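Novice: Below is the structure, and that's it, no one-letter string:
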């Protein structure tokens with residue numbers, strides 16, 4: 001059969017085919033333009049009466065200017081769709097939410113796991129430290145004995161250490177909040193206080209043995225309490241110790257690198273490189289208490305000498321350090337014992353507590 005087309009119908013068909021091809025090339029539609037637009041056009045034609053030469057029986061429309069502004073406002077509110085509240089008004093804080101309970105102040109510091117700010121509790125003005133931790137940086141969770149569920153590791157460890165009887169040398173967790181993008185830890189904040197590194201700088205970058213002993217007694221007590229409750233802090237250093245500049249009371253902070261103590265060796269080190277024990281650098285593993293004792297030796301050396309005992313990974317592995325004149329033999333003995341190369345030769349935490357340098361008057 002032969003079908004004949006008129007010139008006009010052939011032109012329409014060619015234009016329709018060209019329009020369909022163009023829409024597929026541009027990737028703007030999944031259906032050819034020859035069908036859907038045509039149906040849409042017929043529908044509009046059927047439902048929309050012509051206005052030429054006729055009077056409308058319906059109610060008069062709003063003036064064009066007002067109608068245009070109304071349409072623009074409608075479009076804007078739908079397009080933004082981010083809030084039910086005007087832009088100049090903040091949504092009210094939910095009851096018992098972080099915003100309804102605390103006010104955030106100046107920044108205190110930043111670390112690998114979050115930022116810490118001054119803050120106060122609205123109900124009674126209690127001064128607190130507020131730590132914000134991004135959920136993107138949180139990958140470890142532990143079982144909470146308080147909430148009977150898995151919570152961020154830092155929260156779980158602080159909950160363990162905040163149970164009675166409270167250790168005065170460990171900062172306490174007051175409460176915490178779980179928000180969509182972050183965790184918020186509310187902690188006690190001694191005032192006035194600063195971290196031990198800043199305090200040392202004000203002392204000329206080192207301190208005498210009497211002050212070092214007073215601080216060391218408190219640090220050992222904090223670490224010993226952690227060990228008794230099965231908590232490994234794993235980042236004992238100057239920056240993680242707060243000192244009240246009036247009373248010289250010391251508090252251990254920041255359990256972000258911590259873990260539960262286990263009987264088998266750890267094959268992952270989470271802490272500060274300069275405090276890392278040599279067994280991990282050589283063998284890739286370490287045990288909880290010997291590694292903690294090593295970090296205490298590094299800390300004490302730093303406080304009385306003004307610098308770290310090992311300046312590099314090589315020096316840590318070799319394990320050679322030099323004592324200078326002016327330090328008592330008892331203090332040198334404790335440092336050397338804590339920095340024994342073999343973990344089995346280092347003292348236990350209880351032996352450190354009973355060491356003569358911490359118990360008796362220094363003999364120079």
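Specialist: Arrived safely. This structure is a prediction, so every number in the text was calculated from the model and none was measured.
Novice: what ranges do the strands span in the chain?
Specialist: Ranges of strands in the chain, per DSSP state E, are 102-111, 114-121, 127-134, 141-144, 149-152, 173-178, 182-188, 193-195, 231-232, 241-244, 250-252, 259-260.
Novice: Those strands into JSON lines, with extra columns for distance to residue 356, mean pLDDT and mean neighbour count?
Specialist: Yep, even glycine has a C-beta here, placed from its N, CA and C like the rest. Below are those laid out as JSON lines (distance: least, CB to CB, whole Å; pLDDT from 0 to 100; neighbours: other CB atoms under 10 Å):
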{"stretch": "strand 102-111", "distance to residue 356": "36", "mean pLDDT": "92", "mean neighbour count": "14"}
{"stretch": "strand 114-121", "distance to residue 356": "38", "mean pLDDT": "94", "mean neighbour count": "18"}
{"stretch": "strand 127-134", "distance to residue 356": "36", "mean pLDDT": "96", "mean neighbour count": "20"}
{"stretch": "strand 141-144", "distance to residue 356": "38", "mean pLDDT": "95", "mean neighbour count": "14"}
{"stretch": "strand 149-152", "distance to residue 356": "41", "mean pLDDT": "96", "mean neighbour count": "16"}
{"stretch": "strand 173-178", "distance to residue 356": "36", "mean pLDDT": "97", "mean neighbour count": "18"}
{"stretch": "strand 182-188", "distance to residue 356": "34", "mean pLDDT": "97", "mean neighbour count": "20"}
{"stretch": "strand 193-195", "distance to residue 356": "29", "mean pLDDT": "95", "mean neighbour count": "18"}
{"stretch": "strand 231-232", "distance to residue 356": "27", "mean pLDDT": "98", "mean neighbour count": "23"}
{"stretch": "strand 241-244", "distance to residue 356": "23", "mean pLDDT": "97", "mean neighbour count": "21"}
{"stretch": "strand 250-252", "distance to residue 356": "21", "mean pLDDT": "98", "mean neighbour count": "23"}
{"stretch": "strand 259-260", "distance to residue 356": "32", "mean pLDDT": "97", "mean neighbour count": "17"}
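Novice: Tabulate those in CSV, adding columns for distance to residue 212.
Specialist: Compiled in CSV, these are given as follows (distance: least, CB to CB, whole Å):
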stretch, distance to residue 212
strand 102-111, 23
strand 114-121, 26
strand 127-134, 26
strand 141-144, 34
strand 149-152, 34
strand 173-178, 29
strand 182-188, 25
strand 193-195, 16
strand 231-232, 24
strand 241-244, 12
strand 250-252, 11
strand 259-260, 28
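Novice: of all those strands, which lies closest to residue 298?
Specialist: strand 241-244 (12.9 Å; CB to CB).
Novice: starting at the chain centroid, how far to the closest one?
Specialist: For strand 241-244, the separation from the chain centroid amounts to 21 Å (computed by CA atoms, centre = their mean, to the nearest Å).
Novice: Okay, now the sheet partners of it, with direction.
Specialist: strand 193-195 (antiparallel), strand 250-252 (antiparallel) (DSSP bridges).
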